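Trainee: based on what follows, work out the 3D shape:
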Amino acid sequence: HFGPRAQRSAGSRPPLNGAAMPLYEEKLICPLAVRFTQEHIRPVFQNGMELESTISEIKTKPGSGDYDVLLDPPFGAIEIIRWHKRDFCGEELPGKHWLTFDNRRLYCLQRAAVALWPQRVGVPVQALYAATPGYDRKDNSMTAGRRVGIGHSLKLLTDRWDWRSAIPDAPETAAHELVSKDDARGGVEELMDAPATPGMLELFFQGGAFENKPAAGVEVASEPGSTADVSSSPRSSASHAALTEGFCGRWRDSKGDAQEVQCGANGFACRRGRGQALVDLWHDEATDLVWWGGKGSMYAQAEEIRGQGGCIRWYGSDGSWTPKTTWVWLGPASDEAKRERPQQRRRGGTRRV
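Mentor: Next up is the predicted model:
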């Protein structure tokens, strides 16, 4: 989700009079400038994952524009919308603010942002142009979204969260100014664009994606001690070993299909279910990304795989921040897969390495 896009990725509704109507744009905003729509949230997600453990999995990336750092959460981007809110507690005048119905994810993002205070923190979001019917009936916050209770019910709250009470009591900082600035942005077009993931062509010109990947059907030899012999360094060997340990095994994708990654001396390959052809996976050391297939239709971050967090997010090469699919760890490779390691396969009479 780094650099300019040729075409802004956005959701769209069916064409009207020949022109596509966008539903949202991928933007950046400080999570502390987004408000809750529920009076309380449960301490776990629907899949059983606890909010506290999810917060610890949130990573960071280099900042962009007004933001010193960007959050990289283990879940999809939250949806936000500009909405007129009334404060039933009477602590502030009615007005428009950025709100979300992804309340538990917002709580996790705000906790991460407060931990980084006073850095100016941003996060990619899907900024909606209009709400879908019935959204207003889901909004029951009595505090204009400033606070949220935490517990399995309103009668069993264990905590109450307001980021304003969680930051140090200090003079106004640049972080305060950013929150106020983002809160005052009047529409989707005023928010900063989320940086795009580099496409395959962009990585090529950066000396990235294709630098260490030979073309199909070409036999490549490297001289010992040359720059191409990257596996000879202890650091590279340790990195590859960690990648292999975290990658090889059985996974389940977002559609529920089984994916089995096999590892051998010549690289990685993935088999989708029984009897399916192997798909080549290759690690580009220049960008530390793992690419899917010979055309590189999607990629995953090698660092996430090495971390063995039980989840791998695969992003499309179209520059979207939203994962195309997410894999969940099922267990070690089957005995059958262990016997069938990726081999150098001959295509067109030449050896592919």
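
Trainee: tell me the contacts of R313?
Mentor: P74, A300, Q301, E304, P323, T326, W327 (CB atoms under 8 Å, 6 or more residues apart in numbering). The way it works is simple: take the backbone N, C-alpha and C, and place the C-beta from them, glycine included.

Trainee: going through those residues, which ones are buried?
Mentor: Buried members of the contacts of R313, counted by 16 or more other CB atoms under 10 Å: P74, A300, Q301, E304, P323, T326, W327.

Trainee: and N140, which of the three is it?
Mentor: Using DSSP: H, G, I helix; E, B strand; the rest coil, the structure places N140 in coil.

Trainee: what residues are up against it?
Mentor: By CB under 8 Å, 6+ apart, N140 lies in contact with T37, Q38, E39.

Trainee: measure the residue lying closest to R42 once chain neighbours are set aside to I41 for me?
Mentor: For R42, ignoring the flanking residues on the chain, the nearest one in space by CB to CB, 6 or more residues apart in numbering is H152 at 5.7 Å. Between H152 and I41 the computed distance is 10 Å (CB to CB, to the nearest Å).

Trainee: the two - which one has more neighbours?
Mentor: The neighbour count for H152 versus I41, taken as other CB atoms under 10 Å, is higher for I41 (21 against 13).

Trainee: returning to that earlier point: which one of the buried ones among the contacts of R313 sits closest to R252?
Mentor: Comparing the buried ones among the contacts of R313 against R252 with CB to CB places W327 closest, at 6.7 Å.

Trainee: my guess is the closest one meets I305, correct?
Mentor: No. Using CB atoms under 8 Å, W327 makes no contact with I305, being 9.7 Å away.

Trainee: need the residues touching each of those two.
Mentor: With CB under 8 Å, 6+ apart, W327 and I305 have common neighbours I312.

Trainee: which one of the buried ones among the contacts of R313 sits closest to M192?
Mentor: So of the buried ones among the contacts of R313, ranked by how close each gets to M192 (CB to CB), first place is P323, at 21.4 Å.

Trainee: the closest one contacts Y315, correct?
Mentor: Yes. Using CB under 8 Å, P323 is in contact with Y315, at 5.6 Å.

Trainee: where along the stretch 201-350 of the chain do the strands fall?
Mentor: Under the criterion DSSP state E, counting those that start in this stretch, the stretch 201-350 of the chain contains strands at 249-252, 258-264, 267-272, 278-284, 289-292, 298-301, 311-316, 325-331, 346-347, 350-351.

Trainee: the ones you listed: which one's closest to P171?
Mentor: When the strands of the stretch 201-350 of the chain are ranked by distance to P171, counting by CB to CB, first place goes to strand 298-301 at 38.0 Å.

Trainee: would you mind giving the secondary structure of D159?
Mentor: strand.

Trainee: which ones are touching it?
Mentor: G149, I150, G151.

Trainee: for the last one, give me the pLDDT.
Mentor: I take that to be G151. For G151, the pLDDT comes out at 91.

Trainee: assess the claim that it and E39 are in contact.
Mentor: No. Applying CB under 8 Å, one finds G151 not in contact with E39, separated by 10.6 Å.

Trainee: still on that earlier bit, got CSV for the contacts of N140, with neighbour count, pLDDT and distance to E57 too?
Mentor: Below are the contacts of N140 laid out as CSV (neighbours: other CB atoms under 10 Å; pLDDT from 0 to 100; distance: CB to CB, whole Å):
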residue, neighbour count, pLDDT, distance to E57
T37, 21, 92, 24
Q38, 18, 90, 23
E39, 17, 90, 26
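
Trainee: reformat those residues as a markdown table; add secondary structure and distance to V123.
Mentor: Shown next, in a markdown table, are those (DSSP: H, G, I helix; E, B strand; the rest coil; distance: CB to CB, whole Å):
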| residue | secondary structure | distance to V123 |
| --- | --- | --- |
| T37 | coil | 17 |
| Q38 | coil | 19 |
| E39 | coil | 23 |
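
Trainee: closest to A131 among those?
Mentor: Nearest member of those to A131, counting by CB to CB, is T37, at 10.7 Å.

Trainee: how about the nearest residue to the closest one, chain neighbours excluded?
Mentor: With sequence-adjacent residues excluded and distances taken as CB to CB, 6+ apart, T37 is closest to D139, at 4.4 Å.

Trainee: let me see the contact set for that neighbour.
Mentor: Taking CB under 8 Å, 6+ apart as the contact definition, D139 lies against T37, Q38, W83, L99, F101.

Trainee: any idea how far C270 is from it?
Mentor: In this view, D139 and C270 are 43 Å apart by CB to CB.

Trainee: one more: S53?
Mentor: Remark: distance between S53 and C270 (CB to CB) = 28 Å.

Trainee: how about A241?
Mentor: A241 sits 19 Å away from C270, going by CB to CB.

Trainee: which one's more surrounded, these two?
Mentor: Neighbour totals were compared for A241 and C270, and C270 leads with 20 against 11 (other CB under 10 Å).

Trainee: tell me who's in contact with the more buried one.
Mentor: With contact set as CB under 8 Å, 6+ apart, C270 has these partners: Q259, E260, V261, Q262, L278, V279, L281, W292.

Trainee: partners of the last one in the sheet?
Mentor: Each beta-bridge partner of W292 is listed here, defined by DSSP bridges: L281.

Trainee: thanks again, I'm all set now.
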